[in-house]
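In: Okay, predicted coordinates and the sequence, questions at the end:
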Protein chains: 2
Amino acid sequence: MTQAILLNAFHQNCVGHQSCGLWRHPRDRSADYKNLSYWTDLAKTLERGLFDGIFLADVSGVYDVYEGTPDAALRTATQVPANDPFTIVPAMAAVTEHLCFGITGSIPYEPPYAFARRISSLDHLTSGRIAWNVVTGYLDSAAKALGLSHQTSHDTRYDIADEYMELVYKLWEGSWADDAVIQDRQRGVFADPSKVRKITHDGEYFKLDAIHLCEPSAQRSPVIFQAGASPRGRQFAGRHAECVFIAGNTPEGVAGTVSDLRNITEDLGRAAADIKIFTMISIIVDETDALAAEKLQDYQQYVQPEGALALMSGWSGVDLSEYGPDESVENASTQAVQSAMQAVGSRSIREWGELLSVGGAAPTIVGSPSTVADQLQMWMDRSGVDGFNLSYTVMPECIESIVDLLVPELQSRGVYKTRYTQGSMREKLFHLGPRLQSPHPAASYRF
Amino acid sequence: MTQAILLNAFHQNCVGHQSCGLWRHPRDRSADYKNLSYWTDLAKTLERGLFDGIFLADVSGVYDVYEGTPDAALRTATQVPANDPFTIVPAMAAVTEHLCFGITGSIPYEPPYAFARRISSLDHLTSGRIAWNVVTGYLDSAAKALGLSHQTSHDTRYDIADEYMELVYKLWEGSWADDAVIQDRQRGVFADPSKVRKITHDGEYFKLDAIHLCEPSAQRSPVIFQAGASPRGRQFAGRHAECVFIAGNTPEGVAGTVSDLRNITEDLGRAAADIKIFTMISIIVDETDALAAEKLQDYQQYVQPEGALALMSGWSGVDLSEYGPDESVENASTQAVQSAMQAVGSRSIREWGELLSVGGAAPTIVGSPSTVADQLQMWMDRSGVDGFNLSYTVMPECIESIVDLLVPELQSRGVYKTRYTQGSMREKLFHLGPRLQSPHPAASYRF
């Protein structure tokens, strides 16, 4: 029996996130990302479909490795322009009650004190529906926006991230006692000062001497999301993450990542079930297999492979414009390209770009509700993931068709919730309390 | 004939902003600041009353000069706990069409690249209803939260601010041409790369080499608000500000500040009318003078003067707990204390704290709609301000009574708008275009 499937919508506050060129489709509305109603409408649709969350990716730079310029990304609206993901969450929260929000926040670009405060503020406003996707940055263009000449080395970024985590845990968990806020109108005591303490931190990368500015929110520490696939990234996930976002082309390949992540988590003293693992999938669903196949064909007319190649060049650091369109992608053999190649199979550069342009570097499942449900169940059973991050194609019909056609099918099979669990995001996901518990490192910093 | 009066509600994302202790009032709901509905309800009320804007103050530290601890501030909920002001704006924007948002953003705590992006994102989502209140920070406690031992010196803070402004203007005005985004679905060109350029900045305090991540928003640069009263602060206002927030106890005293600010603005090549000046006022209005006076008396039962003294100690750097409650406040004679004293008149420390606890360091006008309207008109005519920043007392009845009782009175006198002007905040305020024009320095950085 397949366990209940978790679903996150995978978005970015931009036009083209993973599907390059589909903004050109006559029915696509993704260029309306600048309007609040685009996001509030989407949030309502997702809640109607009992989605667990919306996972908001973000990058603070542009994809300028391809041809050495951001031109391809700009032409194809591939992750640029890209607005701040935090700004769309409060409006979506105001029109929903249960939908949760995973927000990407990049450690190098946010001083920890202000960042911890922003997250706590959102955790308050959403009654505990906030997750933070911890990223350490990878684009040189982003580093240059900070005044650096290039990115800090990969492993150093994770050392900085470990210290950053310690510091924000201290602020979230350790500055205010549970019973600090008493709101005693009679005695005139809002917060008991003996229950609020300064966090004093003097580390290698950060220094701080201050109380956290926010009273305790539902979750204190947000749900921690992580997506790094490197060995160091997996160690970080094993230690900190509650949700991990991975990718892979086959259930068997993904199963290897899943078991590696769960082993690392156990090695670090936590239970294998303490992390929920989501793999990236794209879904094109329609009433019948034939209609879904037609839809895919229709979408394919609008793809812009140069956007996908710009993305892949940015991820890998290899300028793929230097290879001929018919050349095998295996020639561009960095680790990142190889692993992406593994995700979609070996192709020519051109085919690869076209394939990536519908749904991104993830398998695209195309078919009737029954076909797609079979596939998702097969993925669940064989890979051991807990659910999927669904990258979009044409918006909003992509999400609407999943909600209207696929969700009822999954529900009728008993593999998808028929109502939300009450409480915070952490309670909805783990059916325990709203707060992180020992042996998670955050718990050790409690007041 | 009095010119049309502009009204901003003056708030902070916290419990007690200026009125210390009024959270204890049985009808007060300010402790609900953690809930989105508190803010969306407020926004709807303000828009019903045709308020020009909500001005959101913020401090990134705590008031810990009084008694050398933050205890008084914590007990009285005086500006602590304090959540991030940016997080409440998108939800308020989603339930309003015209209400504008002045958000305090502190230069030392936000890297310019991410900050410029956050503002542009909000300007998009609100269709150009965003103002930024530029502050340079003043609390040592805030500096310590950044890992510094104390605040940078006052004038250096303004030097840093000048360079920061140059950099964010470059990002907002100079990175994307007006016609960069063409959204040509046929040709497959979302943005024309030749119309998007990198901003390269290598200054004394900041370095950056990146394109702005956001496509052009309605206003590009947000409306610039400024509140510093020092000579250096006024120079900064004369150069950059479009709205200035001041305070003073008498119309005559305020008139001096107003004429000084307009002179400085003209000396810097701009027109005197290029800045709108708001002075801080608190209003307690009821159907009759007698009822309003009763309301004031009722409120006064709940004040917590130690909160006001904690605020004043933080502002001045003088620990007012070292003075006896019956001692004259003139003994504590720093410039900040003197100027606050000027704002409320000479008193004993105790009286001063009590007085400041209703409405803050601003005159409190108490009376019937007719009495309050007379006073506001008198203030307008004698001081030369353009409007008022209204600090709250008991929430939300304070704002509701202004909207329901005072606004109709002002409208019947022809001194308050009867409908909103269409367009962005800048168009509503200045009845010109949505963008800053020469000789404002921002205009010189246009693409």
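Out: Structure received.
In: What are the contacting residues of the helix or strand A:Glu427 falls within?
Out: Using DSSP states H and E, A:Glu427 maps to helix A:425-430. Residues from elsewhere that reach helix A:425-430, judged by C-beta atoms under 8 Å, 6 or more residues apart in numbering or on different chains: A:6, A:52-53, A:98, A:100, A:128-131, A:219, A:222-223, A:242-243, A:274, A:276, A:420-421, A:432-436. Any C-beta I mention is one placed from the backbone N, CA and C, and that applies to glycine too.
In: what about the residue lying closest to A:Thr421 once chain neighbours are set aside, distance to chain B?
Out: Leaving aside its sequence neighbours, A:Thr421 sits nearest to A:Lys428 (C-beta to C-beta, 6 or more residues apart in numbering or on different chains; 4.5 Å). The gap separating A:Lys428 from chain B is 19 Å, by C-beta to the nearest C-beta, to the nearest Å.
In: How far away from the center of its chain is the helix holding A:Glu427?
Out: 16 Å (C-alpha atoms, centre = their mean, to the nearest Å).
In: Ok, stretch A:366-385 next?
Out: 21 Å.
In: Extract the CA atoms of the helix holding A:Glu427 and return them as PDB.
Out: What follows is helix A:425-430 as a C-alpha-only set of coordinates in PDB (Å, rounded to 0.1, in the frame of the first residue of the first chain):
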ATOM      1  CA  MET A 425       3.300  23.000   9.100                       C
ATOM      2  CA  ARG A 426       5.400  20.800  11.300                       C
ATOM      3  CA  GLU A 427       2.300  19.300  12.900                       C
ATOM      4  CA  LYS A 428       0.800  18.700   9.400                       C
ATOM      5  CA  LEU A 429       3.900  17.000   8.200                       C
ATOM      6  CA  PHE A 430       5.000  15.000  11.200                       C
END
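In: could you point out which element follows the least confident helix or strand in chain A by mean pLDDT?
Out: Taking mean pLDDT, DSSP states H and E as the measure, the helix or strand of chain A with the lowest value is helix A:335-344, at a mean of 60. Toward the C-terminal end, the helix or strand that comes next after helix A:335-344 (DSSP H and E) is helix A:349-356.
In: Show me what that next one is packed against.
Out: If you count contacts as 3 or more C-beta pairs under 8 Å, 6 or more residues apart in numbering or on different chains; DSSP states H and E, helix A:349-356 packs onto helix A:305-316, helix A:335-344.
In: Next, the angle from the longest one to helix A:349-356.
Out: Read it as helix A:305-316. 90 degrees (axes from the mean of the first three to the mean of the last three C-alpha atoms, to 10 degrees).
In: Now do the same for helix A:305-316: mean pLDDT, whole number.
Out: For helix A:305-316, the mean pLDDT works out to 91.
In: Check stretch A:20-28 too.
Out: Stretch A:20-28 shows a mean pLDDT of 97.
In: Kindly report the same for stretch A:260-277.
Out: Averaging pLDDT along stretch A:260-277 yields 97.
In: List the buried residues for it?
Out: A:261-262, A:264-265, A:268, A:270, A:274-277 (16 or more other C-beta atoms under 10 Å in any protein chain shown).
In: from the residues you listed, which is closest to chain B?
Out: A:Lys276 (25.9 Å; C-beta to the nearest C-beta).
In: bridging residues for that closest one?
Out: A:Cys243 (DSSP bridges).
In: Also A:Asn8?
Out: A:Gly53, A:Asn389.
In: From chain B, how far off is the residue nearest the centre of chain A?
Out: Centroid check for chain A by C-alpha atoms, centre = their mean gives A:Phe55 as the closest residue, at 4.3 Å. A:Phe55 sits 18 Å away from chain B, going by C-beta to the nearest C-beta.
In: One more: A:Pro70?
Out: 7 Å.
In: got it, and A:Ser230?
Out: Taken as C-beta to the nearest C-beta, the span from A:Ser230 to chain B is 25 Å.
In: Next to chain B, which bits of the stretch 251-400 of chain A? Give me the list.
Out: A:Gln304 (C-beta under 8 Å from any C-beta of the partner chain).
In: how close does whatever residue of the stretch 251-400 of chain A ends up closest to chain B get to A:Phe10?
Out: Across the stretch 251-400 of chain A, the shortest distance to chain B (C-beta to the nearest C-beta) belongs to A:Gln304, at 5.6 Å. Here the criterion is C-beta to C-beta, to the nearest Å. By it, A:Gln304 lies 19 Å from A:Phe10.
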